[in-house]
Each structure stands twice: as C-alpha cells, then as structure tokens.
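In: Give me a 3D structure for the following:
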Amino acid sequence: MEGESPKPASTPTGAVFLSYASQDAEAAARICNALRAAGIEVWFDQSELRGGEAWDRHISKQIREAALFLAVISAHTDERSEGYFRREWRAAIDRMRDMADDTTFLVPVVIDSTHENTARVPDRFREFHWLRLPAGETSPGAIERIQRLLAPSESIKSVRQAAREDSGPETFLDGLVGRNRSKPKWLRPLLLILAFAAIAGGTYFGLSRFAPRGPLTSVSASEKSIAVLPFADLSEKHDQEYFADGMAEEIINLLTKIPELKVIGRRSSFQFKGKAEDLRQIGNTLGAAYLVEGSVRRSGTHIRVTVQLIDARDGTHRWSETYDRDAQDALTVQDEITAGLVRALQLEVIGGASGVKPRILPRNADAYDAYLRGLHSFNRFDEPGLDEAAVDFRRALGLDPLFVPAAEQLARTLCDQPSWGFVPPSVGFPRAREAAVSVLKLDSHSAVGHTILACVHLWYDWDWAAAEKETTIAIKQGPPDAFTLFTASLERMAAGQWKEAVRIAEAAITVDPLQASNYENISWVYLRSGRFAEAEAAARRALQISSTYTGAHRDLGNALLMQGKAEEALVEMQHETFVGWQQVGLVLANQALHRTQAANEGLARLETEHAADMAMGIAEAYAFNGQKDQAFSWLDKAYAQKDIFLWSIKGDPFFKNLEGDPRYKTFLRKMNLPD
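Out: Next up, the predicted model:
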C-alpha cells in the first residue's frame, strides 16, 4: 500500500488490506477494482503521502482491523532493499503471532514470474499458498477464493488448505507424471527391502496422460522434497572433482525414479558448489525440505564416500553414512546411498513388478570413469566442453556398447552442438538423430532418447506433430526432468499454444528453479504471447541466476523494445555475449531510436558476416523496419539454410509488420504452422 494517504474512516470489518510497492500501483489497481466490483471492501488509495507517525499509526490500525492481508510481490519488490511495503509486511507478520496457526490472514500475490523460492520476502510468506495474478489480472476463481476466505465459515481454514481445495487433487506437474495420490506411508521392514530392490532396478513409473489439470501453483517446500548438493573432492591431489560431481548427479537420477519424492534438478542444486552458505537458506532457496551433502576421497583403486541427510528447515542431521569400497563398486555405493535416503525419509516405493525395468550398468570401471568425465565436461556448457564430452561418451560406449546412460548423454551432446551454433545444423542434427535412434535401440523407454528426437523434429525437421509425439512419450517414462519439460514447452510455443507452453515452462521451473534456461524459455513464450512485462521479469531472473547466461541480455532487450524502452534495450543488447544476437539486437534498438545510419551500418555488417547463420535475425530487422520485400527474401534464405531459430517464428513480435501480407501466411503454411 506504499504511496497511499490515510482515510478518515476506519476500515470496516471484513476488508482486504492491499500492500504493494509504488512501481506496482497499476497492477494493484487492477486487483483492487476487480475485488471491489465483486463487493469486497479494499483498503487502497493512490496519493503520495509517505511515512510519518500519523501515517504509521493509521497503517498499523488498518492492518490490525483487516480481515485479509494481500501482499503484492514482483520483480520490483525483489529489487528494492527498502520500501514502506516491507514495514507493512512486518506488521502483518507481527499480527499473525497472536493468531491461531490455522487462521487465514496473509495471502501473497505474485504479479509476474517471480518465484516464491527465491523471492525477497519474509520466510513466513513461504508457509502459505501464493496467488498468481499476472499483471494484476484477477480471475473469477481468485475472487471466489478471497470471498471464501473472508466468509466466517472459512476463517479457521489455512491458506494451504484452501489452496488444496481450489487446485483440485493434482498440480499440473503431478498430472503430467501421474503420481500416486495416496499420502506417504511409514515403511515397514519388508518395504525397505522392496525400496532398495526397486531403486537398484531403476524403477520407471508411467504417465496417466499428458494433459494439464487446473492451474499450476507454486508451493513451499513439501515434506518429501530433496536436493542433492555437489559432493566435495577430498582427494589428496584434488583431481577427482569429475568423480565427486558424477556421484552426486547419479544419485539425483536415482532419486527421481521415486514417484512421491520431489527432486530438485542438478543445475539448481549445483549452483551452490563451493559456496559456504547456511544450509537452511539453501533449502529455502531451492524449495527443498531436505538436503544431501557428501564428500569423496579417492586413492588409487580405493574410494571413501561420506554422505549425510540434513533437514533444511531446522538444520538437524537426519542420517549419515560412510562407505569404504573399491572404485569398481562405485555404482553399488550409489544404490546403497539412495536406499539409505529412502529409509531415512521413510518413503514407500510404489509400483508393480511390471513397472520395474532393470538398471543397465557398465561392464567395467573404465567405462563408468569415462562416462563421469564426460558428464563433467558436458556441464561446462561451452564448445570445448561439448567436444570433450562427446569423446568421453564415445570412449565409454567403446568399452561397453550396452551402457545406456553413456549413449543418452552422447545423443544430448550431439544435439546441443548444433542447437548452440557450434556446428552447422545440416551436420549436427542428423548426427543427433542417429545417436537418439541408437539409444532407443538399446532402451526403447529412454526418456532422453525420445526427447532428443523431439528436439531434432522441432529445430531441424519442423515436424510439429512428430515433436509432440516424442515429448509425450518421453514424459510417460517417469517423472519428467527439466530438459524434457523445457523441450515440451518449446514444442507448444512453436505451434502458438501460449497457455500450454507457459504451464509446462512453469512445471520445468518447479523441477529446476535455479536453471537460467527455464526462465529464458518462459521469457520467449511471454514475448510471443504479448506479455512483455512478464517477459522482461523472466529475462531479469535468468540474469540474476547467471549474469553471463548467453541470450538473456538479448531476451531482456527484446522485451524492453516491445515496451517502448529503446534506450534501456540498447544497453542490454550491448551486453549480449553471443555476437550474432548482439548485432541483431543493436540493429533493432537503433531502428527503434531512429538512428538510421547506425542501424543501416549494423545491418550491412550482419549481411556480410552472418548471412549463413543469422538469416532469421536479418529478416527480423528488415521486418521491424517495415522493409517487407527484404524481410521475405531473408526468410526464404533462412528456410533454405534450415536456420536454427526459424522454428520460433510463430508470434515473433518483430514480424508484426508482415502479418497482414499474404506472403506471411504462405510462409507459415510452408512450415506446416497454423496461420
């Protein structure tokens, strides 16, 4: 409610107190108007009086008398270390200290893509269900919920209970993977044995259907959520980092097979590598109730692995174990660790015998060592790293042609090389397709194999139906990882199914909340669906996670351009690290600023230096400038070159000037896209 002036009259019983930062006044006004239209009294005013003893007393009185406290949360509140709204938040929390635990009072309201796990809010906020009202657009369902919370019969219900009733029996991600809906049970001794057997066998769990049910909601750390932090290398020479990282990553992969356990993705949990941060804060940031940390000491053929399970909510240690083994037994150690975690968490692995698929293990330690080295190189996310990873995975397969994980990672590496522009699409994608087919010959149920095929169909073949088929199959294989969800979201975006693309992208964020590419993805979708402010917020979040993330400055610049903020966009484009995208972005920003000479010089340089790999970007620049003939000419060149970015043409705002031209519809039909 920052920026308001006090009213003479007191707030009536049953009123809603709306707290917001001044930058969010427009969105807050939308919420206020929607609630008032529904007959709900709202304390909301928009004048410029700030602070003072009289003001403080008035605000305190309003918060004491309000029936509900709606805290508007956004990128703006994240950016501000100080603000009157923070004082209001503290006052609301102080009032809750005198309330029963099951009383509804605080309702956090997010108006952009800000995620609750990383938002700059008091910890108490994360105990409650968060409403998501993009740009303040208040749906009838949200109004109905607030009306119920204000009703006397509902006053003893917690927000979390109301959220469960509103959202139905499943969240979107649960609907994707068809998780068992029964509550977790305490394990009996026999179930402990079955749990270990199922984990060692690599149990796969099916999907009921690939269709969202109800809105995807963000929730605080659930009782059965876990993050595996990177293991420390305590070897004498400190040369076993690849082995320690691989050990942690493989444990993540094993834990994801357990349907009742939410497992945070590798990229998010590995953000804390080498950082001496409070474990409770790490758990809070990741949205994980439990953390696994460990260390590896390797000397010759002997390894010692120490692992401990920590309750991130209070920092207590729940379980620990040390394993002294021969290096040949590394895989067995991973299985034993996972079984120990299952016992400590008191989880029940559910599934009939038909759902158990044998885990394919490498035949010798050298193949596994090469595989772990490949993972370490792959996770550098640069061109030399991918080259080294491909060599390592091929070496692992040479030693053991039946080692499925090595085949899967080779296929993903070969797909990333052309998708990141390191090899020509005409060379890289056929290689990736061949590798994915090889994976599926070894294991027809491989989610990675089907996801790679979907990527090839999406980015190279432009076969949208085939891409959708493969992503659906991939998700059916078990709880989907962020990579599979990311690909499924892009497939929906390519077809212009914005709502579905956003929902799946949000599901990817819940799996891997600190993976920058997930926010880049949702920024793309927002941009193409006209939600420019949300596209900006998502791009900023990607940069908060990784300030050097390739493409994020371009995404932010594009969102700013669409909002008429050309000067700010120019600055962002200058910071983009991918040269081709930087040059296209600078041309677009200079066009928006009417700096004709600079724009034309940049466009000429693009045509000279990047005609073979940035044809779509050049077409965007001509289209944005209203030069339709040149734009269509370069679109035809992009089509002939199999331009890696052409799959995302649907909804591209820089082609807005072409949409009324019959040639644009003809081009979309040529790509088998709806016009």
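In: Show me the shaky parts of the stretch 51-200 of the chain.
Out: 51-52, 101-102, 115-117, 127, 129, 141, 152-200 (pLDDT under 70).
In: And the strands in it, which stretches?
Out: 68-73, 106-110, 131-132 (DSSP state E, counting those that start in this stretch).
In: again with the stretch 251-400 of the chain
Out: When assigned using DSSP E, counting those that start in this stretch, the strands of the stretch 251-400 of the chain occupy the ranges 262-263, 290-299, 302-311, 317-326.
In: Okay, now the unreliable bits of the stretch 251-400 of the chain?
Out: Per-residue confidence of the stretch 251-400 of the chain (counting by pLDDT under 70) places the weak regions at 276, 347-363.
In: change it to 90
Out: Within the stretch 251-400 of the chain, the stretches falling below the threshold (pLDDT under 90) are 251-289, 293-295, 297-369, 372, 375-376, 378-383, 385.
In: Walking through it, point out its helices one by one.
Out: Taking DSSP state H, counting those that start in this stretch to define them, one finds helices in the stretch 251-400 of the chain at 266-269, 279-286, 330-345, 365-378, 383-399.
In: ok, now the stretch 451-600 of the chain?
Out: Taking DSSP H, counting those that start in this stretch, the helices of the stretch 451-600 of the chain run over residues 464-476, 482-494, 498-511, 516-528, 532-545, 552-562, 566-575, 579-592, 596-609.
In: Select, out of the strands of the stretch 51-200 of the chain, the one closest to residue 516.
Out: Evaluated with Cβ to Cβ, these place strand 106-110 nearest to residue 516, the distance being 19.4 Å. For the C-beta atoms, the positions are set from N, CA and C on the backbone; glycine is no exception.
In: What lies in contact with that closest one?
Out: Where contact means Cβ atoms under 8 Å, 6 or more residues apart in numbering, the residues beyond strand 106-110 that reach it are 31, 68-74, 92-93, 96, 116, 119, 121, 124-125, 128-133, 146, 149, 159, 218.
In: redo that, cut-off 7 Å
Out: Residues external to strand 106-110 that are found in contact with it (Cβ atoms under 7 Å, 6 or more residues apart in numbering): 31, 68-74, 92, 96, 121, 125, 128, 130-133, 159.
In: now swap in stretch 488-495 and tell me
Out: 454, 458, 464, 467-468, 471, 475, 500-501, 504-505, 508, 521, 524-525, 528, 647-648, 650.
In: Repeat the analysis, applying 6 Å as the threshold.
Out: For stretch 488-495, the external contacting residues (Cβ atoms under 6 Å, 6 or more residues apart in numbering) are 458, 464, 467, 468, 471, 500, 501, 504, 505, 521, 525, 647.
In: Next one: residue 150 from residue 20, what distance?
Out: Counting by Cβ to Cβ, to the nearest Å, the gap between residue 150 and residue 20 amounts to 19 Å.
In: between the two, who's got more neighbours?
Out: When neighbours are counted by other Cβ atoms under 10 Å, residue 20 comes out ahead of the other of residue 150 and residue 20, with 32 against 19.
In: surely that one meets residue 72?
Out: Yes. Residue 20 is in contact with residue 72 according to Cβ atoms under 6 Å; the separation is 3.8 Å.
In: shared neighbours of those two, anything?
Out: Common contacts of residue 20 and residue 72, defined by Cβ under 6 Å, 6+ apart, comprise residue 28.
In: residue ranges with poor pLDDT in the stretch 451-600 of the chain?
Out: Applying pLDDT under 90 to the predicted model, the residue ranges of the stretch 451-600 of the chain that meet it are 475-483, 507, 509-517, 544-550, 577-578.
In: check contacts around the nearest residue to residue 591 once chain neighbours are set aside.
Out: Leaving out its chain neighbours, the residue that sits closest to residue 591 by Cβ to Cβ, 6 or more residues apart in numbering is residue 599, at 4.6 Å. Counting by Cβ under 6 Å, 6+ apart, residue 599 makes contact with 587, 590, 591.
In: My guess is the second one contacts residue 598. True?
Out: Yes. Taking contacts as Cβ under 6 Å, residue 590 lies within contact range of residue 598: 4.4 Å.
In: higher neighbour count, these two?
Out: Shown here are residue 590 and residue 598; by other Cβ under 10 Å, residue 590 has more neighbours (23 against 16).
In: Nearest the middle, which residue of the chain would you pick?
Out: Nearest to the mean C-alpha position of the chain, counting by Cα atoms, centre = their mean, stands residue 509 at 2.1 Å.
In: doesn't residue 518 make contact with that residue?
Out: Yes. The pair residue 509 and residue 518 passes the contact test of Cβ under 6 Å, sitting 4.9 Å apart.
In: care to break the protein down by domain?
Out: Using automatic domain parsing, the domain ranges for the chain come out as 16-167, 183-359.
In: now those domains in CSV, with distance to residue 603?
Out: As requested, the domains of the chain are arranged in CSV below (distance: least, Cβ to Cβ, whole Å):
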stretch, distance to residue 603
domain 16-167, 32
domain 183-359, 36
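In: Determine which of those approaches residue 496 most closely.
Out: domain 183-359 (16.8 Å).
In: Relative to residue 481, which of the domains of the chain is closest?
Out: For those, proximity to residue 481 was assessed by Cβ to Cβ; domain 183-359 is nearest, at 6.4 Å.
In: deepest of the strands of the stretch 251-400 of the chain, which one?
Out: Here the criterion is mean neighbour count by mean count of other Cβ atoms under 10 Å, and of the strands of the stretch 251-400 of the chain the winner is strand 262-263, at a mean of 24.
In: Which strands and helices lie in contact with that one?
Out: In terms of contacts (3 or more Cβ pairs under 6 Å, 6 or more residues apart in numbering; DSSP states H and E), strand 262-263 is not packed against any helix or strand.
In: out of the helices of the stretch 451-600 of the chain, nearest to residue 249?
Out: When the helices of the stretch 451-600 of the chain are ranked by proximity to residue 249, the top entry is helix 482-494, at 13.1 Å, counting by Cβ to Cβ.
In: okay, the strands of the stretch 51-200 of the chain in JSON lines with distance to residue 407 next?
Out: Conversion of the strands of the stretch 51-200 of the chain to JSON lines gives the following (distance: least, Cβ to Cβ, whole Å):
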{"stretch": "strand 68-73", "distance to residue 407": "44"}
{"stretch": "strand 106-110", "distance to residue 407": "41"}
{"stretch": "strand 131-132", "distance to residue 407": "40"}
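In: Turn the ones you listed into TSV, columns for distance to residue 628 and mean neighbour count.
Out: As requested, the strands of the stretch 51-200 of the chain are exported to TSV (distance: least, Cβ to Cβ, whole Å; neighbours: other Cβ atoms under 10 Å):
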stretch	distance to residue 628	mean neighbour count
strand 68-73	42	26
strand 106-110	40	23
strand 131-132	39	24
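In: and residue 256, which of these is closest to it?
Out: Evaluated over the strands of the stretch 51-200 of the chain, closeness to residue 256 peaks at strand 131-132, with 25.8 Å, by Cβ to Cβ.
In: Just list the residues touching the residue nearest to the centre of the chain, thanks.
Out: If a contact means Cβ under 6 Å, 6+ apart, then residue 509 has residue 518 as its contacts.
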